[in-house]
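Visitor: Sequence plus the predicted model coming up.
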Amino acid sequence: MAPTQPSHEEVVLLMGTVPQQLSDLVSGLDELHLTYRHAPAFPTLREVIGHVCEAGMAIDGLLRQACLDGLHELPVQATIDPTPDPDLSPPTSELLEGFARVRCQTLDLLHGLPPEAWQRRVVDPLRGELTLLEVCQLVAEHELAHLSQLRSLIALLPAS
């Protein structure tokens, strides 16, 4: 039996949980923990947080442009996986607050979409044609994978 595709309500719910889960995961961690590098090939917690927040806000901007301005070409993959150097200059709390604020605005917009809008097709230069629902699924899967990555990195932190 083929797996069922999540509904747009389920995808929006998943997207909505990410900012709070991200904040909950890293609350109480000090700067030493956030910047600890397990090995040269591993990102720091701060780098993963920066990536999730930066990519999340950028993809939310694209979703708003698609919904409000009718943008047809969406560089979804390039936005989800931008260059590996997120802007880490703002404090972690500011990154998290900004992401939560932008995501809340996006969720308000997505909640108001009629069911047929979720089947609207957009084109990603790397992935081809996608529905708006598929774009949101990719975003949710990407962000949830990073939450799992953060849990693993946190579990490996040295005891203080």
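Guide: Thanks, I have the structure now.
Visitor: Which SSE is immediately downstream of whatever helix or strand Arg64 lives in?
Guide: Arg64 belongs to helix 45-69 when assigned by DSSP states H and E. For helix 45-69, the following helix or strand on the C-terminal side (DSSP H and E) is helix 76-80.
Visitor: Contacts for stretch 29-40, please.
Guide: The contact list for stretch 29-40 (Cβ atoms under 8 Å, 6 or more residues apart in numbering) reads 26, 43-46, 49, 92, 153-154, 156-158, 160. For glycine as for every other residue, the C-beta is placed from the backbone atoms N, C-alpha and C.
Visitor: hey, where'd the strands end up in the chain?
Guide: 121-124, 128-131 (DSSP state E).
Visitor: Can you tell me which of the ones you listed is most buried?
Guide: Of all these, strand 121-124 has the most neighbours on average by mean count of other Cβ atoms under 10 Å, namely a mean of 16.
Visitor: Pass me the low-pLDDT residue ranges in the chain, would you?
Guide: Counting by pLDDT under 70, the chain has low-confidence residues at 1-3, 83-84, 86-87, 160.
Visitor: Now do the residue lying closest to Arg103 once chain neighbours are set aside against Glu97, distance only.
Guide: Leaving aside its chain neighbours, Arg103 sits nearest to Pro19 (5.1 Å; criterion: Cβ to Cβ, 6 or more residues apart in numbering). From Pro19 across to Glu97, the span is 9 Å (Cβ to Cβ, to the nearest Å).
Visitor: and the helix holding Arg64, what does it pack onto?
Guide: In this structure, helix 45-69 packs against helix 8-26, helix 31-34, helix 76-80, helix 92-111, helix 132-155, with contacts taken as 3 or more Cβ pairs under 8 Å, 6 or more residues apart in numbering; DSSP states H and E.
Visitor: In a markdown table: the strands of the chain, plus distance to Ile59.
Guide: Formatted as a markdown table, the strands of the chain follow (distance: least, Cβ to Cβ, whole Å):
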| stretch | distance to Ile59 |
| --- | --- |
| strand 121-124 | 11 |
| strand 128-131 | 12 |
